[in-house]
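J.: Here is my input, please return the structure:
(chains A, B and C)
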Amino acid sequence: MTTAGRTLGELARLVGGEVRGDAALPIRGLAPLDQAQPGDLGFVSGGRYRREAEASRASALVVPLDFELPGRPLIRVAQPALAVATLLRVFHPEPAPVPGVHPTAVVADSARVAADATLLAFVVVGAGSAVESRAVLHPHVVVGERCRIGEASVLHPHVVLRGDVDIGRRVVIHAGAVLGADGFGYAFDGSRHQKIPQVGRVVVEDDVEIGANVTIDRATLGETVIGRGTKIDNLVQIGHNTVVGADAIIVAQTGISGSCRIGNRVVLGGQVGLADHVTIGDGAQVGSQSGVHRDVPAGGTALGSPAMPAAEARRAMAALPRLADLVRAARALERRLARVEERLGQEKP
Amino acid sequence: MTTAGRTLGELARLVGGEVRGDAALPIRGLAPLDQAQPGDLGFVSGGRYRREAEASRASALVVPLDFELPGRPLIRVAQPALAVATLLRVFHPEPAPVPGVHPTAVVADSARVAADATLLAFVVVGAGSAVESRAVLHPHVVVGERCRIGEASVLHPHVVLRGDVDIGRRVVIHAGAVLGADGFGYAFDGSRHQKIPQVGRVVVEDDVEIGANVTIDRATLGETVIGRGTKIDNLVQIGHNTVVGADAIIVAQTGISGSCRIGNRVVLGGQVGLADHVTIGDGAQVGSQSGVHRDVPAGGTALGSPAMPAAEARRAMAALPRLADLVRAARALERRLARVEERLGQEKP
Amino acid sequence: MTTAGRTLGELARLVGGEVRGDAALPIRGLAPLDQAQPGDLGFVSGGRYRREAEASRASALVVPLDFELPGRPLIRVAQPALAVATLLRVFHPEPAPVPGVHPTAVVADSARVAADATLLAFVVVGAGSAVESRAVLHPHVVVGERCRIGEASVLHPHVVLRGDVDIGRRVVIHAGAVLGADGFGYAFDGSRHQKIPQVGRVVVEDDVEIGANVTIDRATLGETVIGRGTKIDNLVQIGHNTVVGADAIIVAQTGISGSCRIGNRVVLGGQVGLADHVTIGDGAQVGSQSGVHRDVPAGGTALGSPAMPAAEARRAMAALPRLADLVRAARALERRLARVEERLGQEKP
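T.: Numbering: from 1, shown residues only, chains lettered A, B, ... in the order given. From the prediction side, this is the model:
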């Protein structure tokens, strides 16, 4: 695929957009509004970027359907972000991996590696594991025993699947993530913490993406599950036996304790903490830095530490700066009231 | 060791429990109540799981001493969690490591590796380090200079001991943990942050367990210490010169700054932050997401950010949702009081 | 360089300090006050350590200019912390790396490695990358494609530069850090989260230090930048397209979302969270565990979640323990006022 010689019309067809202006206009690349040069295509996600759009040196712009910019060549689309996702891949195609096993890779005799999979330098694959078609294991990936890496999944450098980890198709796991380490479980025997062996699995369904240095623990017994299409940001922690649904979004540094149930399309902001055994219903949204100790219903919201419904939390947070004054005001009221009571000769309660 | 052919009576003996029902009943495995099949042994940690116990398809149950379930075979024990820890190991024995040094491992001439230690693929051991009897270094472990890994300790893939790290006996360190990186210390010279060299050590005592992607920094001078039997969850940060006592529990994503003193049997919940030079007394408990800036006495509690004694914090947290109404209520009281004062012809203060 | 035979006078000259007492006194090493032995030099950062200084067995002390300790040999300096930084390097000189490429390293044909650079065991350097003079890549470092590691920079074990990462001179990156993983960007198409390709770069300027297991994401387009001299502690997350200025301090476990602008000499405490597109002005200070959703002006402060100016936040935090009593007090006032109103025969509002 060549990235030269694209025209505005060709690009509009690729994203299902309508052209305003010269469809034959050559486009060289994609750039943010403020960094775009002549030859570049800029992009505008909404009306509030009108000023930046007018000032941009971009030769043409991807804009929402209702966006006008007289005299400028445009591609108008329903959702600019989706169009940009497509166009980025047009101008920055991912290089196709070269299938094969690097001579330094160490693959157990009982492991099965598809002929068109890619294992790069110093990869280790343990006994009983399978690497399926078109999967890519970048340098230093360690796959333990009894794992599966599904079709076209990509494990970036230094990813560790400790053992008993099942990865679906088209999954992306970024560098340094650790899946399948022991869950955090101990029983105190009166003098020591005795380890509860963690012998369960981790299951990651299709189309999941997992960030750098994330940790997802294996179940004590049974499975820790990340549902289809869910996206997990960097440095997130997911405890043993937790089940995350489909198409959830979990932002960086959030920690989910053990045995939680996270529904489909849930959004957890950054640095959220969930106590163990908490259930978050489908489509619920939890604000950044919240500490959630109770279940959140489907479609519900949670915010604050401890978390409340978001509207309630926002009211409390907005009032917080007035708290110190309120303490003073209450004292003043008490003094005034005492004077009134005295004047009335009324005994205090 | 075979995992087939165990009877209920044999298992009861292993955990010091009493059998109710047929001691000859064959048991095939252990399973959670809701996933158990005929042939499985389920487990019940307390009375609130009665309904799940009744509905379970498990052939028998491990239950607390006071738990009755007429007509079902039982093993009754004082602490089901301890019994389950034992039984998990019976049904899921850890494979014995095969001693020896993988041909790809790189071991410095001056390093000393016990004959019955296990060094797997791509392990690196630096000058002056020692790996003792029955220690296991999984693939890609890097041990720097002047380290010791004690008897029967296990370092999972990609663990890094940067240098001057002393690991005791039966320690488990999960994948991606980094011990002995430089502490975070600088002195501002008026124009730049000058690095304060970090030349101290990390000491990890016997029976400690350290989670995946944890970071424990070396001391500036002297030692950062993790005391015997302490358990540390994933993604925890421990700063330079901090000393953690014995049998502490530190839950995921907690951050301990430099020069802290954490007592024996302390429990720090998840995502806790400790300011530097803080002392947490023996047996103290700190709630999740707390921010601790002051010492907590032995046996004390801390909760909230900034942290207070837990009872005080819980009162404040419970009152927080009423804050916005309180602001309004105070204004209403003021208006009513002003009217009363006016009526009395009394001047306002 | 030998570390034996230093005298108090020689050491004083090295740090520009003045000697009190015998300049010929031999000094063997540096130690904290409470661990120092005869022959050691202790150090005192301020007047509040007087008692520890008096009790110390150190043969001599580094002290501030105004510090007196009659009868004890002293080196008096303007800034003891800077003097200690120098002296630590005197007594604990860093071993000079031995240039060369370890035979196990895998270097792409199109990569360029300076003759006096050091590549240790199992290092991987990708196509089109450059390792400059005196750079040190510790075991298991993975450098992707189109990266540069500048002069005298040090990458500790298991560091990953995913690709398109530019590292300046004298940069130190601690073990397990991941630079250049994909930013967290998706566009929802009505049924799925579509990935927005992340094709930008990471630029790390001279004299930056980056902690263990830190994650710094590549830009969507353009650059994520860490400015000259900035110091980043362990387990910090920095999102795509964020630009951090010069000489900033970012303490452990802080998370910076995408497209933030962090000024020069900003200090972010530990476990801080920044929402995306937030600007923190030059010299601003953000307290630990704060959640910042709005811009902070140059020289400003922020504290709390959600963050307020620090003075305001401290007032609210100080009043928080009184909130529960305040709710009760307001109710009592209402009752008393109602009685007064009744007595006056006045109708309630």
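J.: what about the helix or strand where residue A:85 lies, average pLDDT?
T.: Applying DSSP states H and E as the criterion places residue A:85 in helix A:80-91. In this model, helix A:80-91 has a mean pLDDT of 95.
J.: now swap in stretch A:330-343 and tell me
T.: On average, stretch A:330-343 scores 92.
J.: what's the answer for stretch A:270-277, then?
T.: Computed over stretch A:270-277, the mean pLDDT rounds to 97.
J.: Over to stretch A:118-135?
T.: Mean pLDDT, computed over stretch A:118-135, is 98.
J.: Start and end of that stretch, how far apart?
T.: Using C-alpha to C-alpha, to the nearest Å, the end-to-end distance of stretch A:118-135 comes to 6 Å.
J.: rewinding a little: just checking, next helix/strand downstream of the helix holding residue A:85?
T.: Sequence order places strand A:100-101 as the next helix or strand after helix A:80-91, per DSSP H and E.
J.: Which neighbouring elements make contact with that next one?
T.: The contact analysis (3 or more C-beta pairs under 8 Å, 6 or more residues apart in numbering or on different chains; DSSP states H and E) places strand A:100-101 against strand A:118-119. Where C-beta positions appear, they are placed from N, C-alpha and C, glycine not excepted.
J.: What helices and strands are in contact with the strand it packs on?
T.: Strand A:118-119 sits against strand A:100-101, strand A:136-137, with contacts defined as 3+ C-beta pairs under 8 Å, 6+ apart.
J.: Could you look over those and pick the most buried one?
T.: Ranked by mean neighbour count under mean count of other C-beta atoms under 10 Å in any protein chain shown, the helices and strands packed on strand A:118-119 are led by strand A:136-137, which reaches a mean of 26.
J.: Is that strand positioned near chain C?
T.: No - judged by C-beta under 8 Å from any C-beta of the partner chain, strand A:136-137 stays clear of chain C, getting no closer than 12.4 Å.
J.: Tabulate the helices and strands packed on strand A:118-119 (CSV), appending distance to residue C:132.
T.: Below are these laid out as CSV (distance: least, C-beta to C-beta, whole Å):
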stretch, distance to residue C:132
strand A:100-101, 31
strand A:136-137, 29
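J.: if we compare these, which one ends up closest to residue C:251?
T.: Taking C-beta to C-beta, strand A:136-137 is the member of the helices and strands packed on strand A:118-119 nearest to residue C:251, at 34.7 Å.
J.: Mind giving me the packing neighbours of the helix holding residue A:85?
T.: Against helix A:80-91 (3+ C-beta pairs under 8 Å, 6+ apart) you get helix A:8-15, strand A:29-30, strand A:40-43, strand A:60-64, strand C:186-188, strand C:193-195.
J.: Name the residues that touch the third one?
T.: What that stands for is strand A:40-43. A:8, A:11, A:27-33, A:36, A:53, A:56-63, A:75, A:80, A:83-84, A:87 (C-beta atoms under 8 Å, 6 or more residues apart in numbering or on different chains).
J.: Now with 7 Å, please.
T.: Here strand A:40-43 makes contact (C-beta atoms under 7 Å, 6 or more residues apart in numbering or on different chains) with A:11, A:27-31, A:33, A:36, A:56, A:58-62, A:80, A:84, A:87.
J.: Around chain C, pick out the residues from the stretch 51-200 of chain A.
T.: Within the stretch 51-200 of chain A, the residues that sit near chain C (C-beta under 7 Å from any C-beta of the partner chain) are A:79, A:81-82, A:84-85, A:88-89, A:92, A:104, A:121-122, A:139-140, A:156-158, A:174-176.
J.: hmm, 8 Å instead?
T.: So far as C-beta under 8 Å from any C-beta goes, the stretch 51-200 of chain A lies against chain C at A:79, A:81-82, A:84-85, A:88-89, A:91-92, A:94, A:102, A:104, A:120-122, A:138-140, A:156-158, A:172, A:174-176.
J.: Make a ChimeraX selection of the buried ones in these.
T.: Buried members of these, defined by 16 or more other C-beta atoms under 10 Å in any protein chain shown, are picked up in ChimeraX with:
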select /A:79,81,82,84,85,88,89,91,92,104,120,121,122,138,139,140,156,157,158,172,174,175,176
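J.: low pLDDT regions in the stretch 201-349 of chain A?
T.: Within the stretch 201-349 of chain A, the stretches with pLDDT under 70 are A:346-349.
J.: Walking through it, point out its helices one by one.
T.: Applying DSSP state H, counting those that start in this stretch to the stretch 201-349 of chain A gives helices spanning A:310-319, A:323-343.
J.: Output those helices in JSON lines, with mean neighbour count and distance to residue C:134 appended to each entry.
T.: JSON lines is the format used below for the helices of the stretch 201-349 of chain A (neighbours: other C-beta atoms under 10 Å in any protein chain shown; distance: least, C-beta to C-beta, whole Å):
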{"stretch": "helix A:310-319", "mean neighbour count": "18", "distance to residue C:134": "51"}
{"stretch": "helix A:323-343", "mean neighbour count": "17", "distance to residue C:134": "56"}
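J.: Now render those helices as JSON lines, adding distance to residue B:326.
T.: Converted to JSON lines, those look like this (distance: least, C-beta to C-beta, whole Å):
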{"stretch": "helix A:310-319", "distance to residue B:326": "8"}
{"stretch": "helix A:323-343", "distance to residue B:326": "7"}
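J.: Of all the ones you listed, which one is nearest chain C?
T.: Nearest to chain C among the helices of the stretch 201-349 of chain A is helix A:323-343 (4.1 Å), distances taken as C-beta to the nearest C-beta.
J.: What about contact with chain B: does the closest one have any residue there?
T.: Yes - Helix A:323-343 is in contact with chain B by C-beta under 8 Å from any C-beta, via A:323, A:326, A:329, A:330, A:332, A:333, A:335, A:336, A:337, A:339, A:340, A:343.
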